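Based on what follows, work out the 3D shape:
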Amino acid sequence: MEARVKDIHKNCTIVDAHLDLLYDIERKRKLGQTRVIEREYLEEFKEGSINIVVSSIYIDGDFLPELALRKALDQISAFYKELEETDEIVFVKSPADMDRALSEDKIGILLSFEGVEPLLNDIDLLRIFYELGVRGVGLTWSRRNFAADGCSFSRAKGKENGLSDFGVQVVKEAQRLGMFIDVSHLNDAGFWDVMELATGPVIASHSNCRALNATMRNLDDDQIRALAKTGGVIGINGVSTIVAEKDADVKALADHVDHLREVAGIQHIGLGLDFCDRIFENPTSWKKPKSKGMYDVIEGHKNLYQLTEELLKRGYRDDEIRLIYGENFLRVFMSILK
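Below is the predicted model of the structure:
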């Protein structure tokens, strides 16, 4: 089993469609640290055979609304400084960049909004962020902004409003520019509005199945089918509270893979692991650190093999695992990026 797992990881492209990387590096650089990716992430990416990472641009609520734009620019600036300090990563803004990262065996990093608060209600700012290299648009985190309402983390439906007029503008302009749309954290009404506006594949970068865990952060079966119909991909989320109400572990995470395969098909499953423990246990955080192991059902990318072993035990073929681990998201990104 161990040799087969190593062979699978060696011979497939692995994409993690959601990591709060910029959030972490920006605050550490503010404290005087440098080479954050190189010192704290690169070795683990390599141990886990990670090839491509989508980093969110997430703005903590304490900075909203006045400082949203500034904090987003601070995060992007911090990332540009990281690029200057290592030649081991490639900033992916186009299919050519993706090809270069893979061919040179470097870590490719894409940037995506996790909530469009930095735009305020100015659609022209979206083009500015595109020019800075942002290629994904997650309309909301789990809160309201000018574009839409986010979903709750509980079973309660919360706000029933769909996209605002500004939210419709954002979706249309993002698709015109060649940015992927991400519906994770969006409420149900907003989700269905996006489905009506979609002109190509839509992703849920880090969401699981509501049929297995009834939090509104997960997608119900109708949503899963609708998203798959666009040609999109759902990235399974490794945060314990999104995986299961209790007994959240790698087996419970694999249950979501099983359900997605049954409802949507293997071509619409990916990884959006949303690893949080490293970030929230960090003693340099301006917020109180959390207990170790509070969030992630897999302890970091280096332990992704645990999921691989579980999928093999369930009869998944090597080629199916390659689709889930990266080929499906690559298909979507390469079809949208310009």
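
Would you tell me what the next helix or strand after the helix or strand hosting G167 is?
Assessed by DSSP states H and E, G167 sits inside helix 165-177. Where DSSP H and E defines the elements, the next helix or strand beyond helix 165-177 is strand 180-182.

what packs against that next one?
Judged by 3 or more CB pairs under 8 Å, 6 or more residues apart in numbering; DSSP states H and E, the packing partners of strand 180-182 are strand 107-114, strand 134-138, helix 165-177, helix 328-336. C-beta here means a position set from N, CA and C on the backbone, and glycine is covered the same way.

quick one: contacts of whichever helix or strand comes after it?
Heading C-terminal from strand 180-182, the first helix or strand you meet, by DSSP H and E, is helix 188-197. Residues from elsewhere that reach helix 188-197, judged by CB atoms under 8 Å, 6 or more residues apart in numbering: 139-140, 148-149, 151, 157, 159-163, 167-168, 171-172, 175, 181, 183, 186, 202, 216, 219-220, 223, 226-227, 230.

Quick one: neighbours of D60, just the number.
14 (other CB atoms under 10 Å).

In terms of pLDDT, where does it sit?
With respect to pLDDT, D60 has a value of 93.

Report the contact partners of it.
Counting by CB under 8 Å, 6+ apart, D60 has contacts 23, 71.

ok, now how distant is it from P118?
12 Å (CB to CB, to the nearest Å).

Roughly how far does D319 sit from I25?
With CB to CB as the criterion, D319 and I25 are 35 Å apart.

So which of these two has more stuff around it?
Each of D319 and I25 has its neighbours counted (other CB under 10 Å); I25 has more, 23 against 11.

That one contacts E38, correct?
No - using CB atoms under 8 Å, I25 is not in contact with E38, being 10.4 Å away.

got any residues that touch both of these two?
With CB under 8 Å, 6+ apart, I25 and E38 have common neighbours E82.

counting contacts, what elements does the helix or strand of the chain with the lowest mean pLDDT pack onto?
In the chain, no helix or strand scores lower on mean pLDDT, DSSP states H and E than helix 277-280, which sits at a mean of 80. Here helix 277-280 touches helix 21-30, going by 3+ CB pairs under 8 Å, 6+ apart.

And the helix it packs on, what does it pack against?
helix 36, strand 50-57, helix 68-85, helix 277-280.
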